[in-house]
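Asker: I would like the atomic coordinates for the input below:
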Amino acid sequence: MNQTTIGKYRWTICSLLFFATTVNYLDRQVLSLLAPDLSKEFGWTNSDYANITAIFQFVYAIAMLFAGRIIDKLGTKAGYTWAIIIWSIGAIVHAYSIFIGEVVVNVMALVGLAAVPVSIIGFMISRALLAVGEAGNFPSALRATAEYFPKKERSFATGIFNSGTNVGAILAPLTVPWVAKQWGWETAFILIGALGFVWLIFWRIYYEKPENQKRLTKDELEFINSDAGEEVTSNNEKVKISWIKLLGYKQTWAFAFGKFMTDGVWWFFLFWLPKYLEAQYGMVKTEIMLPLAVLYSMTMFGSIGGGWFPIYFIKKGFSPYDGRMKAMLLIAFFPLVVLAAQPLGSYTFWIPVILIGIGASAHQAWSANIFTTVSDMFPKKAVGSIVGIGGMAGGFGGVVMSKLGGAFFDYYKALGHIQTGYTIMFAICAVSYLIAWCVMKLLVPVYKPIQDL
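Answerer: A predicted model of the protein is given here:
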């Protein structure tokens, strides 16, 4: 079939997925970019801020385990609709966290429960709601990709919409501090959160199942469905896989441990770098815009290069899994440069920004490969459940990193050496990938796909 004549409407759907993922990352970053100012306004300690971020990660972890199955039941259009409605409302209600906190604290007082600071409980509730909705983004986008793209185009389409994570991470520091400076932090939450509802209008107009999509040509629909028979069977079977049975495989634990050790590093960079620039260099508000934009721009190289790197080894005769593991081992060495961020950071803030940018870029390359190890080892009908288990493990890893960071920063701040806390956390970030790779290799020393599911 001629690729130039079959039509291109499926790429319109891919564009919608890209913009949704961009909004997803914009919404989750607003709090971290405003954290230095909010901490001063409400008197938060680093441990208080860690608790607020940990709630998001904990709820996100639990929700990820169930999100895929809920999306499968609701269908792509309705599932994505509800996901973005919930997370957009969650993003907007951050602006009313104080009011929410006052209501909750008053209710707690009526039933005799201990008082919790109003701002902390209010932001915790807002973060939890945001997490529930945001957990639906990737299952919805992956399902839409499976519906609108044949297998041979699917990885490319996934790479395009997944790059929205990087674009969102870049745009957030370029917009949020400026909006907050002009109109206040509440407006920043409201405006960024409202973007989801703008996207929703286009989603409701332009998305239908391919067989009901009037904008598709007959040739493009046939191209999309060229391998549909196999996918229908695997999707029907996928829901029936038992989590208990999957936990009996070392391959499951290898993937889950790899996610637990490394996802927390990305969460740490995402949620704590604005506070690091304030603590180390006194940078606040719009001063952090350019450094963070440069740092997250660097992650684009990891996203693009990470998916290509294993091909080098595969072309040399390695199996896809062995080629991926070799690539991941080399990738795991790059975050070690983060060890030099603090020792060299006394010269200029650009040194840690660049070094952490290399580490964050390596994470994106690692992430692209660790997800693919699942399809290397498991049949398609189990991939969704395994990814859910790994996503939950990664979320718990984020909780651990946030809690550790908050505890270390408060402890060393009291001693007048908060920089030591960041030195310790950067060291943990630097070595996490090598530890993860070694344990994954120990659990699965040779390529052994699962055959009995």
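
Asker: okay, CA-based contacts and neighbour counts for the rest of this
Answerer: Fine.

Asker: Next one: residue 295 from residue 353, what distance?
Answerer: Noted for residue 295: a distance of 6 Å to residue 353, by C-alpha to C-alpha, to the nearest Å.

Asker: Low-confidence ranges, this structure, go.
Answerer: Where the chain drops to pLDDT under 70, the residues are 1-5, 151-152, 155, 227-240, 307, 380, 452-453.

Asker: Pop the domain breakdown of it in here.
Answerer: 7-240, 242-446 (automatic domain parsing).

Asker: could the ones you listed be laid out in JSON lines, adding mean neighbour count?
Answerer: Shown next, in JSON lines, are those (neighbours: other C-alpha atoms under 10 Å):
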{"stretch": "domain 7-240", "mean neighbour count": "19"}
{"stretch": "domain 242-446", "mean neighbour count": "20"}
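
Asker: Packing partners of the helix or strand containing residue 156?
Answerer: Taking DSSP states H and E as the criterion, residue 156 maps to helix 151-162. Here helix 151-162 touches helix 9-42, helix 137-148, going by 3 or more C-alpha pairs under 8 Å, 6 or more residues apart in numbering; DSSP states H and E.

Asker: what packs against the last one?
Answerer: What that stands for is helix 137-148. With contacts taken as 3+ C-alpha pairs under 8 Å, 6+ apart, helix 137-148 sits against helix 9-42, helix 46-74, helix 76-92, helix 151-162.

Asker: for the first one, same thing?
Answerer: Counting contacts by 3+ C-alpha pairs under 8 Å, 6+ apart, helix 9-42 packs against helix 76-92, helix 118-134, helix 137-148, helix 151-162, helix 164-183, helix 185-206, helix 250-281.

Asker: okay, those helices in JSON lines with distance to residue 358 next?
Answerer: Output for the helices and strands packed on helix 9-42, formatted as JSON lines (distance: least, C-alpha to C-alpha, whole Å):
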{"stretch": "helix 76-92", "distance to residue 358": "29"}
{"stretch": "helix 118-134", "distance to residue 358": "26"}
{"stretch": "helix 137-148", "distance to residue 358": "25"}
{"stretch": "helix 151-162", "distance to residue 358": "19"}
{"stretch": "helix 164-183", "distance to residue 358": "14"}
{"stretch": "helix 185-206", "distance to residue 358": "28"}
{"stretch": "helix 250-281", "distance to residue 358": "12"}
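
Asker: closest one to residue 438 among the ones you listed?
Answerer: With C-alpha to C-alpha as the criterion, residue 438 lies closest to helix 250-281 of those, at 9.4 Å.

Asker: just checking, what packs against that closest one?
Answerer: Secondary-structure packing of helix 250-281 (3+ C-alpha pairs under 8 Å, 6+ apart): helix 9-42, helix 350-377, helix 380-414, helix 418-443.

Asker: one more time with 7 Å, if that's ok
Answerer: Packing partners of helix 250-281 (3 or more C-alpha pairs under 7 Å, 6 or more residues apart in numbering; DSSP states H and E): helix 9-42, helix 380-414, helix 418-443.

Asker: Output the contacting helices and strands for the longest one.
Answerer: Packing contacts for helix 380-414, counted by 3+ C-alpha pairs under 7 Å, 6+ apart, involve helix 46-74, helix 228-238, helix 250-281, helix 418-443.

Asker: let's go with 10 Å and repeat that
Answerer: If contacts are counted by 3 or more C-alpha pairs under 10 Å, 6 or more residues apart in numbering; DSSP states H and E, helix 380-414 sits against helix 46-74, helix 137-148, helix 228-238, helix 243-246, helix 250-281, helix 350-377, helix 418-443.

Asker: Please apply the same query to the shortest one.
Answerer: The contact analysis (3+ C-alpha pairs under 10 Å, 6+ apart) places helix 418-443 against helix 250-281, helix 320-333, helix 341-344, helix 350-377, helix 380-414.

Asker: coming back round to it: now the angle from the helix holding residue 156 to helix 137-148?
Answerer: Interaxial angle of helix 151-162 relative to helix 137-148 (axes from the mean of the first three to the mean of the last three C-alpha atoms, to 10 degrees): 150 degrees.

Asker: now helix 151-162, how far from the centre of its chain.
Answerer: From the chain centre to the centre of helix 151-162 is a distance of 17 Å (C-alpha atoms, centre = their mean, to the nearest Å).

Asker: now stretch 79-94
Answerer: That offset, for stretch 79-94, works out to 16 Å (C-alpha atoms, centre = their mean).

Asker: Could you do stretch 43-63 as well?
Answerer: On C-alpha atoms, centre = their mean, the centre of stretch 43-63 falls 15 Å from the chain's centre.

Asker: want to throw the helices and strands packed on helix 380-414 into TSV with distance to residue 21?
Answerer: Shown next, in TSV, are those (distance: least, C-alpha to C-alpha, whole Å):
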stretch	distance to residue 21
helix 46-74	15
helix 137-148	7
helix 228-238	23
helix 243-246	27
helix 250-281	15
helix 350-377	15
helix 418-443	25
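
Asker: For residue 11, find the nearest of those.
Answerer: Closest among these, using C-alpha to C-alpha: helix 137-148, at 8.7 Å.

Asker: what's the angle between the closest one and helix 46-74?
Answerer: 30 degrees.

Asker: Off-centre distance for helix 137-148?
Answerer: Worked out by C-alpha atoms, centre = their mean, helix 137-148 lies 15 Å from the chain centre.

Asker: repeat for stretch 93-104
Answerer: Worked out by C-alpha atoms, centre = their mean, stretch 93-104 lies 26 Å from the chain centre.

Asker: what do you get for stretch 396-405?
Answerer: For stretch 396-405 - counting by C-alpha atoms, centre = their mean - the centre lies 15 Å from the chain centre.

Asker: Check stretch 154-169 too.
Answerer: From the chain centre to the centre of stretch 154-169 is a distance of 11 Å (C-alpha atoms, centre = their mean).

Asker: How about stretch 47-65?
Answerer: On the basis of C-alpha atoms, centre = their mean, stretch 47-65 sits 13 Å off its chain's mean C-alpha point.

Asker: So what does residue 282 look like in phi/psi?
Answerer: Main-chain dihedrals, residue 282, degrees, to the nearest 10: phi 70, psi 20.

Asker: I'd say it and residue 37 touch.
Answerer: No: using C-alpha atoms under 10 Å, residue 282 is not in contact with residue 37; the gap is 11.8 Å.

Asker: shared neighbours, these two?
Answerer: residue 275 (C-alpha atoms under 10 Å, 6 or more residues apart in numbering).

Asker: ok, back up a step: what's the closest of the helices and strands packed on helix 380-414 to residue 108?
Answerer: Nearest of these to residue 108, taken as C-alpha to C-alpha: helix 46-74 at 18.6 Å.

Asker: Packing partners of that closest one?
Answerer: helix 9-42, helix 76-92, helix 118-134, helix 137-148, helix 228-238, helix 250-281, helix 380-414.
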